[in-house]
Every structure is written in structure tokens, then in C-alpha cells.
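Q: Quick one: sequence and predicted model below, then my questions.
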Amino acid sequence: MIVEAKGLRKQYNGVWALDGLDLAIEEREIYGLLGPNGSGKTTTILILLGLTEPSAGEVRVCGHDPVREPLAVKRLVGYMPEKVGFYEELSAFENLRFITRLNGIPEGEARQRILEALEQVGLKDVAHRPVATFSHGMRQRLGLADVLVKKPRLAILDEPTSGIDPEGAAQILDLIRLLRDEAGMTVLLSSHLLHQVQRVCDRVGILHRGRMVAEGRVAELTAPGGFVAVLAQASPILRARLEAAEWALAVEEPRPGELQVTLAEEGRPELLRFAAEEGALLLELRPKEPTLEEIYLRYFRE
Ligand SMILES: Nc1ncnc2c1ncn2[C@@H]1O[C@H](COP(=O)(O)OP(=O)(O)OP(=O)(O)O)[C@@H](O)[C@H]1O
Ligand SMILES: [Mg+2]
């Protein structure tokens, strides 16, 4: 686990901003921390970075404790804050140069990395323009370049798409995916827009009043409603047949020898026929629990 937090609590003036949060993120994962305003996303991020201390709980980021070793964490983690600040009178290039100096990256290599980062975020043509002339979307992309020049193991992005039009947001999300795929970076991003970020996240967690109310793989989001069946005495052949079946939307092995199948309501007769034909023992067939999306909507409507 590259990020591991257990029982995190944070109190501000008598109010619990985080109230027992557990979080575990695997290397190379893109994890989306979702939640309405004030649910604790930024507080979680600040704790992971060692920028604020938890009132209780345990945290490890890249194997280090951000409370005791904030510098070690800062070296390995790239951070894009909610409100990115730049030196307005300096150019994009000069702003990034400031970052590379701060991180002790040698001049020659820094130049290379800066140009590469600006190219990646589509700001190469305006590299020498003062940031004061940049639009909000350009600033967000420069914020991402800030993270890129560091080539961190873990990138923590607080609302990277906020205030950006859908097309610009899609570009930023594509870039985030590229970072994981090509540079092997792990990404933690926060957002309050499930629909926007779900296509790049491997997993999402939904925060509500400082607690994780739901967590899961995004693949599960796309199988709304429907049913879950559990088959016993499962063999690899049975699994392969299930995976090939059109009505089986997802196949998992929760315990050795058991297969859990997600299916739409219309798939039930097919499942029963399959179980009979294959001689598989059907242990359970029940309506699926609410999807992450349903949970998300429930909390966001409040
Ligand atoms: N420095 C602070 N002092 C006092 N209260 C704070 C402070 N920072 C956050 N809070 C409170 O903690 C709670 C969680 O805030 P946080 O900023 O973590 O939420 P968030 O999920 O990032 O929200 P948003 O979507 O608006 O960015 C809120 O109730 C907020 O008012
Ligand atoms: Mg926030």
C-alpha cells in the first residue's frame, strides 16, 4: 500500500472534520476521493501530506509517517492544491523553474523536464507568457505541470477539474490516466463530481461528514440494480464459461471455490438454465446492494 490511513480523526474548534477514516491505496492505482462540500476531502489530503496533524489515527504515505517525517513525504509526493498559486508576473516556464530549484533538480535536467511537462499539459506555446495572462483552465494545467516536473511516486490532486469546462476537464483526466500508464504514478484525486471522474478512477471512496460511507471499484458503478448470484463448487472452466456469457455482467471469486456473478434482472432465467446445465450449485440469488452511484446520489441529495 502506498497510502495507508487508519482511524483518522481531525477536530477543528470542537467540530469533527474527520471521524474515523480508513483509507488504503495501492501502487499505480487512480483513486477518487469523492464527497460533498465540507465532507473532509481537503482535510484528508492535508494530513497525508503532513501539512496538518490528525487528532487521532495512523498514517503512512510511501512508507513514511507524515507527522514525523514530513520532508520524506514531500520528496516523494506531488501535490496540486485546491487553489493553485503562482508568481503572476513570472512566466509558466519560470514558475516551474522555481519548483525544480526547490526540489534540487539540476539545471540541465530541469529545463528538459519543464519543457516536457509543459508539452504534456499543452502549454508549450505559452511557456514564456506571464501567468497573469492565463485563464483558469490554463492555470489548472500549469498546476498539473507543477506536479509532473517532480516526477513523484504519488500525485495528490485536490479537485483538479474544478471550475473547468467539460472538454478541459476531460483533457486533464486523460492526462492523469497517461501519468499512471506511462510513468507508473499512483494518483489520489478529490472531486465532488462522480460522473466526471469515474471514467479515470480505478476505485472511488465516498466521504460524508468525515466518514467513508461507501468504497468500491468503478466497474461496479456501471452495473446498476440487478441481481447477485453465488455459485459453489466453481472450477476455472465454469468461471471461463461464465465470463463468456453475455448475461453475466461481472464475475468475481469472493472465496475460493465460490463465484459471484452480477446480472441484470432479465438475466435470471439464463442463470438458472446455466446452473442446471453445468450442474453448478446455486447458493444464493439476491437483489444487488445499492451501487456506489446510488449511495453517492443519496448523500449528495441531502
Ligand atoms: N482550518 C480549518 N479551521 C476550521 N475548520 C475547518 C478548517 N478546515 C476545514 N474545516 C472544516 O472541516 C470540515 C471539512 O472540510 P474540508 O475542507 O476537508 O472539506 P472538503 O471535502 O475538502 O470540502 P470542499 O468540497 O468544499 O473542498 C468542514 O466542516 C470545514 O468547515
Ligand atoms: Mg476541499
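A: Cool, got the structure. Everything numeric here is computed off the predicted structure, so don't read it as measured data. Ligands and ions are numbered 1, 2, ... in the order given.
Q: So, low pLDDT: which residues of the stretch 101-250 of the chain?
A: 220-225 (pLDDT under 70).
Q: Next to ligand 1, which bits of it? Give me the list.
A: Contacts of the stretch 101-250 of the chain with ligand 1, taken as C-beta under 6 Å from any ligand atom, map to residue 192. Bear in mind the C-beta positions are built from the backbone N, C-alpha and C, glycine included.
Q: and the closest residue to ligand 1 within the stretch 101-250 of the chain, what does it touch?
A: Ligand 1 sits closest to residue 192 of the stretch 101-250 of the chain, with a gap of 5.4 Å, by C-beta to the nearest ligand atom. Taking C-beta atoms under 8 Å, 6 or more residues apart in numbering, we find residue 192 in contact with 34, 35, 36, 37, 41, 159, 300.
Q: what two of these have the greatest distance between them?
A: Farthest apart among those by C-beta to C-beta are 159 and 300. That separation is 15.4 Å.
Q: More neighbours: these two, which one.
A: Counted by other C-beta atoms under 10 Å, residue 159 and residue 300 do not tie: residue 159 has more neighbours, with 22 against 16.
Q: do you know how far that one is from residue 121?
A: 17 Å (C-beta to C-beta, to the nearest Å).
Q: what's the spacing between whichever helix in the chain runs longest and its chain's center?
A: Longest helix of the chain, by residue count under DSSP state H: helix 166-183. Relative to its chain's centre, helix 166-183 lies at 12 Å (C-alpha atoms, centre = their mean, to the nearest Å).
Q: As PDB, could you dump the C-alpha coordinates of that helix?
A: Taking C-alpha atoms only, helix 166-183 is exported to PDB below (Å, rounded to 0.1, in the frame of the first residue of the first chain):
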ATOM      1  CA  PRO A 166     -16.200  19.600 -19.600                       C
ATOM      2  CA  GLU A 167     -13.800  19.400 -22.500                       C
ATOM      3  CA  GLY A 168     -10.900  20.900 -20.500                       C
ATOM      4  CA  ALA A 169     -11.800  18.500 -17.600                       C
ATOM      5  CA  ALA A 170     -11.700  15.600 -19.900                       C
ATOM      6  CA  GLN A 171      -8.200  16.600 -21.200                       C
ATOM      7  CA  ILE A 172      -6.900  16.800 -17.600                       C
ATOM      8  CA  LEU A 173      -8.400  13.400 -16.700                       C
ATOM      9  CA  ASP A 174      -6.900  11.900 -19.900                       C
ATOM     10  CA  LEU A 175      -3.500  13.300 -18.800                       C
ATOM     11  CA  ILE A 176      -3.900  11.800 -15.300                       C
ATOM     12  CA  ARG A 177      -4.500   8.400 -16.900                       C
ATOM     13  CA  LEU A 178      -1.400   8.800 -19.000                       C
ATOM     14  CA  LEU A 179       0.700   9.500 -16.000                       C
ATOM     15  CA  ARG A 180      -0.300   6.300 -14.400                       C
ATOM     16  CA  ASP A 181       0.000   4.300 -17.600                       C
ATOM     17  CA  GLU A 182       3.400   5.700 -18.700                       C
ATOM     18  CA  ALA A 183       5.100   7.000 -15.600                       C
END
